[in-house]
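> just coords:
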């Protein structure tokens with residue numbers, strides 16, 4: 001396993017959000033974390049990244065315990081997050097946003113570079129000298145994904161990658177994720193478009209009130225539409 005989350009418990013002050021939550025991702029897999037809003041998806045990601053410290057449980061990445069590591073060290077180990085809300089630097093150009101994060105953390109033979117991100121997202125190439133705050137929401141999302149890719153991570157995490165995007169831009173993001181999966185990139189995706197996720201991902205975990213409610217394959221999830229209504233409100 002590339003990532004193992006075991007019996008995770010995370011709180012904000014006296015309010016506990018995660019209760020013995022567990023998740024595994026093998027190298028080369030695309031895995032989703034599904035659930036309604038407020039069920040603990042983003043808290044799980046924050047715990048993995050060290051942004052919100054887990055109260056109990058273990059997080060192991062590439063055989064190394066990381067639940068007590070600082071966020072910058074976790075990132076250098078090869079986990080890249082595309083956060084909800086994008087959080088790009090508004091006062092840097094598109095190229096500067098990418099250059100600031102570039103590095104080959106997974107020692108790839110064919111690493112992602114600024115130019116290869118521009119090949120993936122043609123719109124960004126056309127806007128490479130624009131400031132971050134001059135981009136559309138869709139372009140900002142492309143930049144956030146590109147910024148994560150140029151770190152050449154072992155694990156790419158996307159939190160609501162298609163939220164609030166126009167349909168054409170959303171389609172481009174799905175196409176990008178399919179390309180990354182085909183290339184062997186390990187991915188954890190949080191998104192609400194379950195019809196697309198069952199086609200993209202290998203396995204799924206549904207979280208309900210901070211606990212694992214269901215885990216299984218895309219074929220199993222696609223076959224049981226009752227799960228969609230029970231836990232996802234689809």
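That came through fine. Note that the structure is a prediction, hence the values are computed from the model and not measured.
> Any regions of this protein where pLDDT drops low?
Within the chain, the stretches with pLDDT under 70 are 234.
> can you give me the strands in it?
With DSSP state E as the criterion, the chain has strands at 3-12, 15-25, 30-34, 56-61, 64-65, 79-82, 155-159, 186-190, 203-208, 211-217.
> In its sheet, which strands sit next to the last one, and in what direction?
Each strand pairing with strand 211-217, determined using DSSP bridges, is listed with its direction: strand 203-208 (antiparallel).
> do you know how far residue 128 is from residue 139?
Distance from residue 128 to residue 139, counting by CB to CB, to the nearest Å: 11 Å. Quick note: C-beta positions are derived from backbone N, CA and C, even for glycine.
> Pick out whichever of those two has more residues nearby.
Neighbours per residue, other CB atoms under 10 Å: of residue 128 and residue 139, the larger number sits with residue 139, 21 against 15.
> what sits against the more buried one?
Counting by CB atoms under 8 Å, 6 or more residues apart in numbering, residue 139 touches 123, 124, 127.
> Residue 76 too?
By CB under 8 Å, 6+ apart, the residues touching residue 76 are residue 105.
> And for the one 3 residues further on?
Neighbouring residues of residue 79 by CB under 8 Å, 6+ apart: 3, 48, 49, 61, 153, 154, 155, 157.
> Leaving out the residues flanking it, which one is nearest to the second one?
Right, residue 48. residue 59 (6.0 Å; CB to CB, 6 or more residues apart in numbering).
> May I see the buried residues of the longest helix belonging to the chain?
Longest helix in the chain by number of residues (criterion: DSSP state H): helix 167-182. Neighbour-count burial for helix 167-182 flags 169, 170, 172, 173, 174, 176, 177, 180, 181 (criterion: 16 or more other CB atoms under 10 Å).
> so how far is it off the chain centroid?
Here helix 167-182 is found 14 Å from its chain centre; the criterion is CA atoms, centre = their mean, to the nearest Å.
> Thanks a lot, see you next time.
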